[in-house]
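Asks: Take a look and give me a structure for this.
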Amino acid sequence: MFEQLADKISFALQRLSGKGKLNPTLIKEATGAIKKALLESDVSYKVVKEFLKKVESEAVGVEVLSSITPAQKVVKIVYDNMVELLGGKEANLSLPQGFPVVLMLVGLQGSGKTTMCGKLANFYKQKGYRPLLVAMDTHRPAAGEQLRIVAEKAGVQSVIFEPGESPIQVGERALKEAGKLGLNLIIFDTAGRHQLSEDMMVEAKDISERFNPHRTLLVLDAMTGQQAVEVALEFSRWIGIDGFIITKLDGDARGGAALSVRALVGKPIYFAGVGEKLEDLEPFYPDRIAKRILGMGDIVTLVEKAERAYSEETMEKLEKKFKKAKLDFNDLLEQFEALEKMGSLDNLVGMLPGVNLRGIQVDEKALKKIKSIIYSMTPYERANPHILDGSRKLRIARGSGTKIEDVNRLVKQLEMMRNIAKQMGKQKFFGGFIKGF
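Replies: You can find the predicted model right below:
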């Protein structure tokens, strides 16, 4: 997330390293490089101009304490203004309980609306809501089937338009269905187009006026850069949006959309889509995003993801087995499955402070290969790794479509983990590591 922008801003701030005192020339050099980085990341010129004006006015003539460097002081000023630019505080999308709440998602075709419906359903399902997804894009016959599949993956109900139905008719049927099934969160997946068009806006406006949704959220593709601002302004003019969801931030080298729309439209960003999985949805925290942009990492979000993926019972069980050096392949499999729930590995590693992943991709296929090897073992073999002789390893390799060298490597890795556990004795390891944060 924001890798290219983070690299360029870090490079710009490095110009201040080793400097003993702040002066206007140094500040101009640093802000000039930051300006170039932001513009190349597709941030609006107007936003960049206002942002740097504030940074410069705060940095010039500021007293620098002997305990910090000029570079550290400027980083703090840039960070504070970046947080403000992104919205200041988290815009928590809290929903009332007890009666059907309607969320209406709008946006261009290809922005990720349908997938986002599933992610939102999964997110709020974990908070105790009972979601219903509603397919309203009656212009595309395949759109209904696409939403049905998404709803199935999320484990929620869906209402799909029938031939000849209008979006309003689908919505009315969905409200009746929600009442009948006792569902309290209805998510409308409205029609999109490849570009802005008046008929799309009129249709969205009609839906909004008929159902008066609790929130109307514009789904924006981060990869569209400056176009995102134009789309946001147009939707805001026609139907009055309440906020944004930015998708594809995991693959965005620029990130200009996230930095521009909040400032220019004046509406909050509620969520960020950071991957393809249902779990790859994060509440948008301006302070945490600013830290990622400035290369400071995001340990808080990382730990929150870990706490959701690992139950207290799982942590305690693993800790006990680690103390006794009794780890087996069942434990390893459990850890990998929990790790997958936390989202893409690239995104997770990017949350670590000081880790530069530019040009590096974490190999998620390697994890799948390891899981395939473990699944090819019998339950008894997983629990008793010491019985794995040559013939068993050969059978496992054939069953998993891997080589016997891969199986041997995995067995050795488990042995190494057991040896580390013996050396550490009664010290806390995985469970204590997570809790320690």
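Asks: Quick check: which element contains the residue sitting furthest away from the middle of the chain?
Replies: Relative to the centre of the chain, and counting by C-alpha atoms, centre = their mean, the farthest-placed residue is Ser391 at 43.7 Å. Secondary structure assigned from DSSP states H and E places Ser391 in helix 390-400.
Asks: contact partners of that helix?
Replies: Contacts with helix 390-400, where a contact means C-beta atoms under 8 Å, 6 or more residues apart in numbering, come from 369, 372-373, 375-377, 381, 388, 403-404, 406-408, 411. No exception for glycine: its C-beta is placed from N, CA and C like everyone else's.
Asks: Compute the first-to-last residue distance for stretch 274-292.
Replies: 13 Å (C-alpha to C-alpha, to the nearest Å).
Asks: Show me how far that stretch is from its chain's centre.
Replies: Distance of stretch 274-292 from its chain centroid, counting by C-alpha atoms, centre = their mean, to the nearest Å, is 3 Å.
Asks: buried ones in it?
Replies: Within stretch 274-292, the residues that qualify as buried are 274-275, 277-292, counting by 16 or more other C-beta atoms under 10 Å.
Asks: These in strands, which ones?
Replies: Residues of the buried residues of stretch 274-292 located in strands (DSSP state E): 281-283.
Asks: was I right about Ile387 contacting Val411?
Replies: No: checked against C-beta atoms under 8 Å, the pair Ile387 and Val411 is beyond contact range at 11.0 Å.
Asks: Flag the shaky bits of the stretch 51-200 of the chain, pLDDT-wise.
Replies: Applying pLDDT under 70 to the stretch 51-200 of the chain flags residues 61-71.
Asks: Tell me which stretches of the stretch 1-150 of the chain form strands.
Replies: All strands of the stretch 1-150 of the chain, identified by DSSP state E, counting those that start in this stretch, fall at 101-106, 131-135.
Asks: mind pulling up the phi and psi values for Glu165?
Replies: Backbone torsions for Glu165, taken as degrees, to the nearest 10, come to phi -80, psi 150.
Asks: Can you name the residues that contact the closest residue to it other than its chain neighbours?
Replies: In space, and not counting its chain neighbours, Glu165 is closest to Thr138: 6.3 Å by C-beta to C-beta, 6 or more residues apart in numbering. Counting by C-beta under 8 Å, 6+ apart, Thr138 touches 161, 165-167, 170, 191.
Asks: what about burial for these, which qualify?
Replies: Burial by neighbour count, judged by 16+ other C-beta under 10 Å, picks out 161, 167, 170, 191 from those.
Asks: Tell me if I'm right that the third one and Phe161 touch.
Replies: I take that to be Val170. Yes: using C-beta under 8 Å, Val170 makes contact with Phe161 at a distance of 4.5 Å.
Asks: and for the two, which residues touch both?
Replies: Contacts common to Val170 and Phe161, judged by C-beta under 8 Å, 6+ apart, are 135-136, 138.
Asks: Give me the helices and strands touching the lengthiest helix in the chain, please.
Replies: In the chain, with assignment by DSSP state H, the single longest helix is helix 404-424. Judged by 3 or more C-beta pairs under 8 Å, 6 or more residues apart in numbering; DSSP states H and E, helix 404-424 is in contact with helix 312-323, helix 329-341, helix 364-375, helix 390-400.
Asks: which helices and strands sit right next to the longest one?
Replies: In this case it means helix 329-341. Partner elements for helix 329-341 (3+ C-beta pairs under 8 Å, 6+ apart): helix 299-309, helix 312-323, helix 364-375, helix 379-383, helix 404-424.
Asks: and the angle from it to helix 364-375?
Replies: Put simply, helix 329-341 runs at 150 degrees to helix 364-375, going by axes from the mean of the first three to the mean of the last three C-alpha atoms, to 10 degrees.
Asks: How far off centre is helix 329-341?
Replies: 21 Å.
Asks: ok and it relative to helix 404-424, angle-wise?
Replies: Using the same axes, to 10 degrees: helix 329-341 against helix 404-424 is 100 degrees.
Asks: picking that back up, can I get the shared contacts of Val170 and Phe161 in TSV including distance to Phe235?
Replies: Formatted as TSV, the shared contacts of Val170 and Phe161 follow (distance: C-beta to C-beta, whole Å):
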residue	distance to Phe235
Ala135	20
Met136	16
Thr138	19
